[in-house]
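[1] got a predicted structure plus its sequence, pasted below:
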Amino acid sequence: MIDSNETDTDTQSTDQRTMNYGKEKVAVYRTYANPLEGVRTIPESSFDGRDNILFGLEVRVQFEGEEFLPSFSEADNSKVVATDSMKNFVLHQAGEYEGATAEGFLHFVGKEFLDTYSHVEAVKMSATEYPFDERLVPGEDGVEPSDLVFRASDDESAFGEIYLERDDDRIEFKEQTSGVTGIELIKVKDNSFTGYVQDEYTTLPEREDRALYISLDIFWTYDEPKDALGEEPQRYVPAEQVRDIAQVVFHEVDSNSIQDLIYQIGLRVLERYPELESVSFEANNRTWIEVRDDLEGDARVFREPPRPTGYQQFSMDHSDLEEQ
Ligand SMILES: O=c1[nH]c(=O)c2[nH]c(=O)[nH]c2[nH]1
């Protein structure tokens, strides 16, 4: 009895322990990956697929497993797969992957890791896309996108994360997050911020009409994690379309705060994609400071905002849509 109690306590303490290791910032580039075709189109976006002629990801790998404990507590590396080898593994698998999405690639590599190293209990893989834009060149029908020359872009990037766990001889895919990060949008007018608490700490003037500059990361989870892989393109949510929804809603809605704006974007995303479980936001307010409003019409002069900056975080699901 006493023995089994001790075992329970032991298990509990290791369950709560943080123990993982891995490699991050693994930059991998693949040319002529399979194209993403057959995605559903939505009114807010012209995006209907991706050629994947040039596909780049910055990957993070994380290994978990009880068998790594001696590497920390006894300097015993006999079970340690070197993080350098993880990097080589990811690079190699980029040539083997036959799918068309970042999430699909992460799932593919994660599964290969678990198949190859039987003592690894769980693997978390995440990646941020390196965006590349096709450059425009003269073609038969006027100026058209080149299929050879791309620009390394610092625009928004797709994000993916998957978590795979070994359960006896099965591999469980229970958790994923997809996203688009680094969206930066400016609306020059038709936005306000009024009605907030006025007390002895308030110095900000109410603005019936302001230019609003936001940076935005949007994340989503699917009801069925496997829909994130893109194997059924009709059920896949492309980051490009979510980015486009954000800018269309920003254009259409005269919002009274960033809070209100991201809620409206979230409703639209949930409306377009019933296969999603949740959508969440991290917004930052980068609104410029107005220095001249004495010009003709709507013209203004602005300067950079000083630090500190405001932010908003919010998550929502289909129950928010039903309440509307
Ligand atoms: O959209 C905004 N939300 C806020 O909560 C806030 N606070 C602030 O100072 N400016 C703004 N703008």
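    Now that the structure is in, tell me what you want to look at.
[2] from now on I want contacts and neighbour counts done on CA atoms only, so please keep to that.
    OK.
[3] need the contact list for the residue nearest to Glu161 when sequence neighbours are not counted.
    Take Glu161 and drop its neighbours on the chain: the residue closest to it by C-alpha to C-alpha, 6 or more residues apart in numbering is Ser126, 4.0 Å away. Ser126 is in contact with 59-61, 106, 159-162, counting by C-alpha atoms under 8 Å, 6 or more residues apart in numbering.
[4] and which of the residues you listed is nearest the ligand?
    Using C-alpha to the nearest ligand atom, Phe159 is the member of these that lies nearest the ligand, at 25.2 Å.
[5] that's a strand at Arg166, yeah?
    Yes: judged by DSSP: H, G, I helix; E, B strand; the rest coil, Arg166 forms part of a strand.
[6] not counting sequence-adjacent ones, nearest residue to it?
    Closest to Arg166 by C-alpha to C-alpha, 6+ apart is Glu121, at 5.3 Å.
[7] can you report how many residues lie near that neighbour?
    18 (other C-alpha atoms under 10 Å).
[8] doesn't the residue nearest to Glu161 lie inside a strand?
    Yes: counting by three-state DSSP, Ser126 is part of a strand.
[9] next one: it from the ligand, what distance?
    Note on Ser126: its distance to the ligand, by C-alpha to the nearest ligand atom, to the nearest Å, is 31 Å.
[10] repeat for Gln198
    For Gln198, the distance to the ligand equals 12 Å [C-alpha to the nearest ligand atom].
[11] again, but for Val242
    With C-alpha to the nearest ligand atom as the criterion, Val242 and the ligand are 21 Å apart.
[12] Pro238 too?
    Computed as C-alpha to the nearest ligand atom, the Pro238 to the ligand distance reads 27 Å.
[13] what's around that residue, how many residues?
    By other C-alpha under 10 Å, 24 other residues sit near Pro238.
[14] same thing with Phe68?
    If you count neighbours by other C-alpha under 10 Å, Phe68 ends up with 21.
[15] please enumerate residues in contact with stretch 314-322?
    Residues outside stretch 314-322 that contact it (C-alpha under 8 Å, 6+ apart): 262, 266-267, 270-271, 277-282.
[16] among those residues, which ones are in helices?
    262, 266-267, 270-271 (DSSP state H).
[17] got the residues of the stretch 151-300 of the chain near the ligand?
    Residues of the stretch 151-300 of the chain lying close to the ligand (C-alpha under 6 Å from any ligand atom) are 193, 257-258.
[18] now do 8 Å
    Selection of the stretch 151-300 of the chain residues close to the ligand by C-alpha under 8 Å from any ligand atom yields 192-193, 204, 256-260, 285.
[19] just the buried residues from the residues you listed, in PyMOL please.
    Applying 16 or more other C-alpha atoms under 10 Å to these, the buried members can be selected in PyMOL as follows:
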select buried, resi 192+193+256+258+285
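[20] who touches Val188 in this structure?
    Contacts here follow C-alpha under 8 Å, 6+ apart; on that basis Val188 touches 210-212.
[21] same thing but 6 Å
    Residues in contact with Val188 (C-alpha atoms under 6 Å, 6 or more residues apart in numbering) are Ala211.
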